[in-house]
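>>> quick one, what's the 3D model for this:
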Amino acid sequence: MSNLLRRLSQPSMATSLPGALARRFLRAFRSYKELALETEVVLDITDRPAYAYCAYHAAMLAKKLGIDALSLIEFGVAGGNGLLFLERFAARIERALNLRVEVYGFDTGEGLPHLGGPEDMPYWFRASQYRMDIDALRAKLTRAKLALGNVRETVDTFFNQYNPAPVGAIFNDLDLYTSTIESLRIFDHDVNRFLPRVFMYFDDVIGSEMQMYGESNGELLAISEFNRRHDAIHIGLNQNLLPLYNVHYRYQIYYAHLTRHPLYASYVGGDEQEAMESYLRLKGAA
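Sure, this is the predicted structure:
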């Protein structure tokens, strides 16, 4: 990352008026000319910045580890806008980083399944919401593969059926506690099916006064219970985005640490760490 780009991404600059104006200008400019992928991600100016953030940095981690392919998974496809973005973004990653990217989408195809107890928030969700038009979506997809059915079954058969590249990023928009906790069973499979650290986005962890997401329901409860049941995999909220008040999704990005992965301790600092330390020294001298 260049020092200029690093400076523009620092909290003091990112949350300032000049920083906001710079991003607005670049966002308008990119409608005429595509910018460098790193620039668009770091400055948060893609069409789906949370998806771009996870996908790009997962790809960068794969490159650091010498892995030449990775998979992106979306749980909860519904109308397909997120999956279509991932298709387009995967193609850009491949061009920019010379890395093969596979895209998969999990959905019932019939909308939300039958709700369980109060942890599924029946005051806000109901069965059959977000039904997919399967034929219409398939006609639009160019590379993504759909795993249709109840996630309880599809996560069990996924790896044998598709033999995907290592999973580097997971985007979870299943809404319900019961569906989310079932989706996290994907981590019950061989640790080598993943990168040692997986970028994760959870859609339904912040919301309105009517939604009232909390530790006792929905995706947050699923994350909490998953962590209690596992000692070698931990899903935790990111810390590096929290100071960036302009990043609206900063409380929705999590990292899954797979500490028994054979590549978990592989050093990935290198040039990027040296560049960061050099920038901090220059900043201190200024």
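>>> so, low pLDDT: which residues of this protein?
1-20, 22-33, 271-286 (pLDDT under 70).
>>> helices along that one, start to end?
With DSSP state H as the criterion, the chain has helices at 3-9, 11-14, 17-29, 37-42, 49-64, 81-97, 134-140, 151-162, 177-183, 218-229, 270-285.
>>> buried residues, the fourth one. List them.
Translated: helix 37-42. Under the neighbour-count criterion of 16 or more other C-beta atoms under 10 Å, helix 37-42 has L37, T39, E40, V41, V42 buried. C-betas here are computed from N, CA, C, even on glycine.
>>> now for the nearest residue to D47 once chain neighbours are set aside, how many residues are close by?
Distance criterion C-beta to C-beta, 6 or more residues apart in numbering; nearest residue to D47, sequence neighbours excluded, is F85 at 6.1 Å. Applying other C-beta atoms under 10 Å, we find 19 residues neighbouring F85.
>>> the stretch 101-250 of the chain: strands as residue ranges?
145-148, 167-172, 194-202, 233-237 (DSSP state E, counting those that start in this stretch).
>>> and the ones you listed, which is most packed in?
strand 167-172 (a mean of 26; mean count of other C-beta atoms under 10 Å).
>>> neighbouring strands of that one in the sheet, and parallel or not?
strand 69-75 (parallel), strand 194-202 (parallel) (DSSP bridges).
>>> how far off helix 218-229 does the last one point, in degrees?
Same thing as strand 194-202. Between strand 194-202 and helix 218-229, the angle comes out at 150 degrees (axes from the mean of the first three to the mean of the last three C-alpha atoms, to 10 degrees).
>>> wait, I67 sits on F194?
No - counting by C-beta atoms under 8 Å, I67 stays clear of F194, with 10.6 Å between them.
>>> mutual contacts of these two, please.
Common neighbours of I67 and F194 are listed as P166 (criterion: C-beta atoms under 8 Å, 6 or more residues apart in numbering).
>>> ok, back up a step: identify whichever of the strands paired with strand 167-172 lies nearest to L148.
Nearest of the strands paired with strand 167-172 to L148, taken as C-beta to C-beta: strand 69-75 at 12.4 Å.
>>> contacts for the closest one?
Residues contacting strand 69-75 (C-beta under 8 Å, 6+ apart): 54-55, 58-59, 62, 82-83, 86, 90, 99-107, 151, 164-174, 179-180, 183, 186, 195.
>>> buried by neighbour count: which residues of that strand qualify?
In strand 69-75, counting by 16+ other C-beta under 10 Å, buried: L70, S71, L72, I73, E74, F75.
>>> same question, stretch 241-249
For stretch 241-249, by 16+ other C-beta under 10 Å, it's L241, L244, V247, Y249.
>>> quick check: the second one touching R250?
By that I understand L244. Yes - counting by C-beta under 8 Å, L244 touches R250, with 5.9 Å between them.
>>> coming back round to it: ok, the residue nearest to D47 - contacts?
By C-beta under 8 Å, 6+ apart, the neighbours of F85 are D47, R48, Y51.
>>> thinking again about what came up before, reformat the strands paired with strand 167-172 as a markdown table; add distance to N217.
Shown next, in a markdown table, are the strands paired with strand 167-172 (distance: least, C-beta to C-beta, whole Å):
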| stretch | distance to N217 |
| --- | --- |
| strand 69-75 | 17 |
| strand 194-202 | 13 |
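>>> nearest to A136, out of the ones you listed?
strand 69-75 (17.0 Å).
>>> give me the angle between that closest one and helix 49-64.
Using the same axes, to 10 degrees, strand 69-75 lies at 150 degrees relative to helix 49-64.
>>> pull strand 69-75 out as PDB, backbone CA atoms only.
Output of strand 69-75 as PDB, limited to C-alpha atoms (Å, rounded to 0.1, in the frame of the first residue of the first chain):
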ATOM      1  CA  ALA A  69      -7.200 -20.200  -5.400                       C
ATOM      2  CA  LEU A  70      -9.900 -19.400  -2.800                       C
ATOM      3  CA  SER A  71     -13.700 -19.600  -2.400                       C
ATOM      4  CA  LEU A  72     -16.200 -17.000  -1.400                       C
ATOM      5  CA  ILE A  73     -19.400 -18.100   0.200                       C
ATOM      6  CA  GLU A  74     -22.700 -16.300   0.700                       C
ATOM      7  CA  PHE A  75     -25.200 -17.800   3.100                       C
END
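>>> that strand relative to helix 81-97, how many degrees between them?
Going by the same axes, to 10 degrees, strand 69-75 makes 170 degrees with helix 81-97.
>>> now do strand 69-75 and helix 151-162, the angle between them.
Using the same axes, to 10 degrees: strand 69-75 against helix 151-162 is 160 degrees.
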